Structures are given as C-alpha cells and as structure tokens.
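[1] One predicted model, sequence on top.
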Amino acid sequence: MYAISVIAKVSRTLWSVISIPSPFFFRPATIFRMVVGLLSPEKGNVFLDDKRITHLPMYKRARLGINYLPQEPSIFQKMTVEKNILSILQTLKYSKKARNERLEELLEELGIAHIRKSVAYTLSGGESRRVEIARALVTNPKFILLDEPFAGIDPIAVEDIQNIVAGLKKKGLGILITDHNVRETLAITDMAYIMA
C-alpha cells in the first residue's frame, strides 16, 4: 500500500515534501484519510517511525504529530482570523500568555497579521488557506498532509502557499501533498509518487 511507504519515507528523513499528483480518476485523499485514521485500510498497515498505527484512533495519531488539512474549507466562517486560530490554541495546555505569544507567531509566520480582525467569510481563497495552515500548525505537527492546497486560489496565492510549504520544510516538517495542479505541486516537492 502506497500510504505505508510514503509515510515511512517521510518519517525517516524529515526533509521531504512528497507529492502524489492526482489524475481526476484517482483520489489520493483516500490515502490521507487512512493515514490520519478517518478510514481503515482493507489490508495492510500504516506505520509511523516503524510503529504500527493502523488501529490507533484519530486523536492518538494527531498526538503523534500527524495533521491533515482537507481540501474542503475548515475554518469557522463567522469567526475572525484571530478567533479561528485561538479556537485551536484553547484546546491545548498553554497559559494565556503562551497562547497569545503562539498566536502572534502564527499570524506573522503566515503573513496574516493584517487580517487578524477580518471575519473568515470575507477572506480570499489564498487568505483562507493561510488561516487553515496556521490552525494546522498550532499543535506543532511533525507531518502535515495537504489535500489540494492550490485548489480555488489565484496564481499569486499559489506562490504564497508554495513559499509557506518551503518554509515548513526548512523547519523540518514532513509534508505530503496531493493536488490536481501538477506543475505547481512538483515545483516544491522533493519526490513524487505517480499513481497509475
């Protein structure tokens, strides 16, 4: 099963941005859902750092450092950017001071400090994607799975997201991407698995 080898590669090296370009008839998101525990594989296993995690529930996999950013919008549309990020931060055992410091770090890192008071439904596709990535980074994951990160955003925002992914790679995150925009995806990946 491809998910096993892909995750094993990422976990051993921590250098990679790995892509699974997705032709329209194939949905690599199924692999992502198996990795995070939303689906169970019919056969085979899912490993992380040589530990079998096939039967672990989703929350335990998240605690091991796996984070999944689905293609579907995942921010709260009626909340501000700031409150969207705080909604995740408040689930963690941070003091108020540490929570606010982490919020500021994420707003700066993702270039969204200037829209912190904007309500989510007013954001562009690229701004929304950056807020979603900020929320995914709240828990300091080791691995982030990005499903169609370039879908529904303009060319300038695509470049912004590519730069964000490159920055995450430099910080040591393992990144697995699937996107129909093959050229944009391959431009930032170290390795690609082509599914036939």
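    Perfect, I can see it now. Numbers count the residues shown, from 1 in each chain.
[2] I figured Gln71 hits Phe32, correct?
    No: counting by CB atoms under 8 Å, Gln71 stays clear of Phe32, with 9.7 Å between them. Every C-beta, even on glycine, is put in place using the N, C-alpha and C of the backbone.
[3] okay, these two: which has more neighbours?
    Phe32 (25 against 17; other CB atoms under 10 Å).
[4] in the longest helix that the chain contains, what's buried?
    Scanning the chain for the longest helix, with DSSP state H as the assignment, gives helix 155-170. Neighbour-count burial for helix 155-170 flags 157-158, 160-162, 164-165, 168-169 (criterion: 16 or more other CB atoms under 10 Å).
[5] Tell me which strands whichever helix or strand comes after that helix pairs with, and in which orientation.
    Following helix 155-170 in sequence order, the next helix or strand is strand 174-178 (DSSP states H and E). Sheet pairing of strand 174-178 (DSSP bridges) gives strand 17-19 (parallel), strand 143-147 (parallel).
[6] Go through the next helix or strand after strand 174-178 and flag the buried ones.
    Next along the chain after strand 174-178, taking DSSP H and E as the criterion, comes helix 182-186. Using 16+ other CB under 10 Å as the test for burial, helix 182-186 gives 184-185.
[7] Kindly report the same for stretch 115-131.
    By 16+ other CB under 10 Å, the buried positions in stretch 115-131 come out as 115-116, 120, 123, 126-131.
[8] Adding pLDDT as columns, could you present those in TSV?
    Converted to TSV, the buried residues of stretch 115-131 look like this (pLDDT from 0 to 100):
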residue	pLDDT
Ile115	98
Arg116	97
Ala120	96
Leu123	95
Gly126	90
Glu127	94
Ser128	94
Arg129	93
Arg130	94
Val131	97
